[in-house]
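Peer 1: Model the following, please.
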Amino acid sequence: MARIYVTDGSDARRMTMQLLQAARPELGLDKNVSIGLKPNLVVAKGYKSGATTNPVISEAIIEYFAERGYNNLKVIESSWLAVKTKDAFKVCGYDDLAKRYGIELIDVKKDSFKKCEFRGMEINISQRAFDIDYLINLPLIKGHCQTKITCALKNLKGLIPDSEKRRFHAMGLHKPIAYLNKMIYPSLTIADGIYTDPDFEEGGNPAAMNTMIAGTDSVLIDAYAADLLGYCPEDIEYIKIAADIGVGSSDLSGAEIVHIGKAALKTEHKRSKELESAASHITQSKACSSCYGNLANAIVQMEKNHDLGSLHISVGQGYREKNGTIGCGNCTNGFDYCIKGCPPSTEEIVEGIKRYRRDI
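Peer 2: Purely as a prediction, here's the structure:
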């Protein structure tokens, strides 16, 4: 029977230690193994933004293993498009962790890659990730403007190059995310749900969910995370695909869910009506999350003070070399009006929409 552990509170160190003591990841491990931590550092923002994994969780894991004689630990990650991973390492507190504990920070954007294949789909994955003996996935439980949620399964996108991230979006995200998890998988996942943004992957609207989840089944963890965010697991296409191809189980009713403390009293944090309204102004085709997310965030901000009426903005790789009225990002260069950037920032999009509305 699949099993996950769930704990509650706001003390990240205590909660991490509770989950580690329940899961006992060190059992049977050789002292010389290479242990890699894969947080979610999608942007260079602190964890209270609801965008990134709390560094205290990584620190607690480092201390837990060090106390048991494991000293070959490292952190591996790449931030999203147009964000330098080294900036995220610094802003999110991982530079300080590296200095204090002498651990290596691996920037996947600078890595070489191994070509992997599953059912005819080839994906380039970080070579350094395969050099790690025991990979611990440390996703953040949060919303996503395109896939509704992001947690354990999607967090492994940080192990692929930027070119593959763009290609994932061109392929529709869900299937490549699921297939990636058949090519490389973590030994343990500890999901951070203490501060989370139910809407945006890039954070900015955090809510205190005060939950953490641990286990070895990424699909089951994502199913539980989806439930926390107000969805059924089958609402998230990549969860269903991952379960169908044998990555794990999405059956919460048939799983053993071990609650530590008051974790059984969960609170749902559903996507805001503002984001749903913003989505009605967007027409997307193969859009990258950074471009789509910044556009959605810009529209949310503008709708607070402006009536956008029937305005529709196109975004995504599917609009390359095509014509249109107003587009967001360099992929819409052929449009009558293009808000340029790869991606343009939220602020640039707001100003671009204002200029467009003044000019028409």
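Peer 1: Tell me which residues are up against the lowest-mean-pLDDT helix or strand in the chain.
Peer 2: Here the helix or strand of the chain ranked lowest by mean pLDDT, DSSP states H and E is helix 273-279, holding a mean of 80. The contact list for helix 273-279, computed with CB atoms under 8 Å, 6 or more residues apart in numbering, reads G143, C145, D199, F200, A296, N297, I299, V300, E303. Glycine gets a C-beta too; all of them are placed from N, C-alpha and C.
Peer 1: Now the second one, what are its backbone angles?
Peer 2: Going back to what we said before, that points to C145. Per-residue torsions, C145: phi -70, psi -20 (degrees, to the nearest 10).
Peer 1: S289 is in contact with that one, correct?
Peer 2: Yes: the pair C145 and S289 qualifies as a contact (CB atoms under 8 Å) at a distance of 6.8 Å.
Peer 1: hey, what's in contact with both of those two?
Peer 2: With CB under 8 Å, 6+ apart, C145 and S289 have common neighbours E201.
Peer 1: Could you pull out the helices in the stretch 101-250 of the chain for me?
Peer 2: 127-131, 152-155, 162-170, 174-183, 218-228, 237-244 (DSSP state H, counting those that start in this stretch).
Peer 1: TSV for these, including mean neighbour count?
Peer 2: TSV is the format used below for the helices of the stretch 101-250 of the chain (neighbours: other CB atoms under 10 Å):
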stretch	mean neighbour count
helix 127-131	17
helix 152-155	29
helix 162-170	18
helix 174-183	22
helix 218-228	26
helix 237-244	21
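Peer 1: Point out where this structure drops to low pLDDT.
Peer 2: For the chain, applying pLDDT under 70 flags the ranges 262-272, 360.
Peer 1: and if we set it to 80?
Peer 2: 1, 200-204, 261-276, 307, 359-360 (pLDDT under 80).
Peer 1: re earlier: out of the helices of the stretch 101-250 of the chain, nearest to P344?
Peer 2: Comparing the helices of the stretch 101-250 of the chain by their distance to P344 (CB to CB), the top pick is helix 162-170, with 15.8 Å.
Peer 1: same for the closest one, what does it pack against?
Peer 2: Applying 3 or more CB pairs under 8 Å, 6 or more residues apart in numbering; DSSP states H and E, we find helix 162-170 packed against strand 121-126, helix 174-183.
Peer 1: could you dump the ones you listed to JSON lines with distance to S112?
Peer 2: Below are those laid out as JSON lines (distance: least, CB to CB, whole Å):
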{"stretch": "strand 121-126", "distance to S112": "8"}
{"stretch": "helix 174-183", "distance to S112": "16"}
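Peer 1: right, and those - which one's nearest A88?
Peer 2: Distance to A88, taken as CB to CB, is lowest for strand 121-126 among the helices and strands packed on helix 162-170, at 15.9 Å.
Peer 1: In terms of secondary structure, what does that closest one contact?
Peer 2: Counting by 3+ CB pairs under 8 Å, 6+ apart, strand 121-126 packs on strand 113-118, helix 162-170, helix 174-183.
Peer 1: Which one, of the ones you listed, ends up nearest to P139?
Peer 2: When the helices and strands packed on strand 121-126 are compared by CB to CB, helix 174-183 sits nearest P139, at 12.0 Å.
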